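Engineer: can't give you the sequence, but here's the structure:
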């Protein structure tokens, strides 16, 4: 498929914005999208052109339009078929995507093939990077500032939704087949209800899990009711092609117990993980998707590398939870002139030892190679241990004769050992200091800056469907996560612009002041998503 001709000048004169410029208010999100975001996406056309043949095959749908449609899908949480209908009938979408009023839309599979092109040509992040560059240009994202980092999981909604849709669609096909062979007088009393429920109505993709579960149970009951009515009917109706298909689908999805259908328990989904980042206006600057078996710690490196690819420096302060804090991480941040702020995890518990006698209770000085135990005895020996394969250096401290008559021996020395030994890493001093600091009120107050990230995760999950994957396969889940982040950034950007316009109007009307807050509304596979935010 070849790249279509992109006539910006022609579309400007024939688009909805040119024909009816006063149809939308200046602070309307669709009008602001057309003014702010559309030109940014248009600049990506050369990159998107690499996904198409230069002059081979019939022209495809304009890729900039498809890119905008994908963003709007996650702005307004609509599936492919509904998105195509909105392109065709929704004036706001036409305005935002610079389309002619007569634009007739395209087939929903076009979006499927376009997403696949983005993945195959490594262009999944093209929209997010373009929007981030525009935000930097407008001064909304500084090159270096404070940031937050966190992670969350992404579970697939595909198995639940496809099972429900499978039953509903098949039931609708069976009703259409029966409707062609039945006169109105021969139809059952529930015919109008079923026809409206499964043929004329569409499933609400924004419904909660409890609603979807109830609809699944209701569809099973309706199937049984239809089968019972069909029992005395003529064979050509009872054994029609779509009716037989419905029986097969019902057998796959339900078990009948005491005359009532019960949904078959579905297999647990697999797993993936992901990571993300934000600025003073709270924009997401990086999203990285990882397999669920990966830990949070390496996700930090991937997230910062991904952010660097967008032209942003490492943060001055990075607020995280305990999963990202280790002695090596604290030393790395110190060497690179930035600060990792988060609570350190306690040392590993040893069987038979109370927490009062863990490593935290020992005063250790790596530089002087000394350690003092809870009984106030100084260590008698320090050994340097080096693992060449892992390039890891650690130190072992021992207390030999001191432990023999120490009154704390029964609680401090593990069973089966003659004396106490501890092993710590070469940067233990930093970890020890962090464990002390995190108990202070000053540190707790400072950590409150991280709290806003929870609201961002909630916004992404509730408003944009983050924790539920629409697609199968890791690459497509990663693509979805990037477009969710892009949609969230676009929404926040347009909100800032709209509120600026509102503020200007209020100033014109001589109001003295306006107080407002930018409240956050808020990835088969599952994923864990890490967010890097700028507070």
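Structural biologist: Structure received. For clarity, every value in this text was computed on a predicted model and none was experimentally measured. Residues are numbered from 1 along each chain as shown.
Engineer: For residue 394, give its distance to residue 332.
Structural biologist: 17 Å (CB to CB, to the nearest Å). In short, each C-beta sits where N, CA and C put it, glycine included.
Engineer: Same check on residue 405?
Structural biologist: 43 Å.
Engineer: Neighbour count for these two, which is higher?
Structural biologist: The residue with more neighbours, out of residue 405 and residue 332, is residue 332; 15 against 7, by other CB atoms under 10 Å.
Engineer: before we move on, what SS does the more buried one have?
Structural biologist: Of the three states, residue 332 takes helix under DSSP: H, G, I helix; E, B strand; the rest coil.
Engineer: Before we move on, what's the pLDDT of it?
Structural biologist: Looking at residue 332, its pLDDT reads 92.
Engineer: The one 5 residues further on now?
Structural biologist: Looking at residue 337, its pLDDT reads 92.
Engineer: Count the neighbours of it for me.
Structural biologist: 8.
Engineer: With residue 353 instead?
Structural biologist: Neighbour tally, residue 353, other CB under 10 Å: 16.
Engineer: Same question for residue 225.
Structural biologist: Neighbours around residue 225, by other CB under 10 Å: 13.
Engineer: element containing it, please.
Structural biologist: helix 209-230 (DSSP states H and E).
Engineer: Any idea how far that helix is from the middle of the chain?
Structural biologist: 32 Å (CA atoms, centre = their mean, to the nearest Å).
Engineer: what's the answer for stretch 452-471, then?
Structural biologist: 6 Å.
Engineer: quick thing: my sequence starts at 259, can you match it?
Structural biologist: Happy to do that; since the first residue is 259 now, the last one works out to stretch 710-729.
Engineer: neighbouring contacts of stretch 700-707?
Structural biologist: With CB atoms under 8 Å, 6 or more residues apart in numbering as the test, stretch 700-707 has contacts from 404, 406, 577, 599-601, 695-696, 793.
Engineer: quick one: residue 480 and residue 452 touch, right?
Structural biologist: Yes - counting by CB atoms under 8 Å, residue 480 sits close enough to residue 452 to count as a contact (6.2 Å).
Engineer: OK, contacts around residue 261?
Structural biologist: Counted by CB under 8 Å, 6+ apart, residue 261 has contacts 307, 310-312, 317-318, 321.
Engineer: Against residue 320, how distant is it?
Structural biologist: Taking CB to CB as the measure, residue 261 falls 9 Å from residue 320.
Engineer: tell me, how many neighbours does residue 327 end up with?
Structural biologist: Using other CB under 10 Å: residue 327 sits among 24 other residues.
Engineer: quick one: pLDDT of it?
Structural biologist: At residue 327, pLDDT is 96.
Engineer: ok but it is inside a helix, no?
Structural biologist: Yes - assessed by three-state DSSP, residue 327 belongs to a helix.
Engineer: and stretch 597-607, which residues are buried?
Structural biologist: 598-602, 605 (16 or more other CB atoms under 10 Å).
Engineer: ok, now stretch 436-445?
Structural biologist: Within stretch 436-445, the residues that count as buried by 16+ other CB under 10 Å are 436, 445.
Engineer: circling back: what's the farthest-apart pair in the contacts of residue 261?
Structural biologist: Spanning the widest gap among these are 312 and 321, at 13.7 Å by CB to CB.
Engineer: These two: who's more crowded?
Structural biologist: residue 321 (24 against 8).
Engineer: Quick check, that one in contact with residue 306.
Structural biologist: Yes - counting by CB under 8 Å, residue 306 is a contact partner of residue 321 at 4.1 Å.
Engineer: can you list residues touching both of these two?
Structural biologist: Both residue 321 and residue 306 lack any common contact, where contact means CB under 8 Å, 6+ apart.
Engineer: Could you list the low-pLDDT ranges of the stretch 659-793 of the chain?
Structural biologist: Filtered on pLDDT under 70, the stretch 659-793 of the chain yields the residue ranges 759-793.
Engineer: which residues in it form helices?
Structural biologist: For the stretch 659-793 of the chain, the helices defined by DSSP state H, counting those that start in this stretch occupy 667-670, 686-695, 699-705, 710-722, 732-766.
Engineer: Of the ones you listed, give the one that comes closest to residue 398.
Structural biologist: helix 732-766 (7.0 Å).
Engineer: quick one: buried residues of the closest one?
Structural biologist: So helix 732-766, judged by 16+ other CB under 10 Å, has buried residues 732-756.
Engineer: Ok, stretch 680-697 next?
Structural biologist: Buried-residue list, stretch 680-697, by 16+ other CB under 10 Å: 680, 682-690, 692-693, 696.
Engineer: got the residues you listed as CSV, with distance to residue 521 columns?
Structural biologist: CSV is the format used below for these (distance: CB to CB, whole Å):
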residue, distance to residue 521
680, 54
682, 53
683, 51
684, 56
685, 53
686, 53
687, 57
688, 53
689, 50
690, 54
692, 49
693, 49
696, 47
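Engineer: Out of those, the closest to residue 656 would be?
Structural biologist: residue 680 (8.4 Å).
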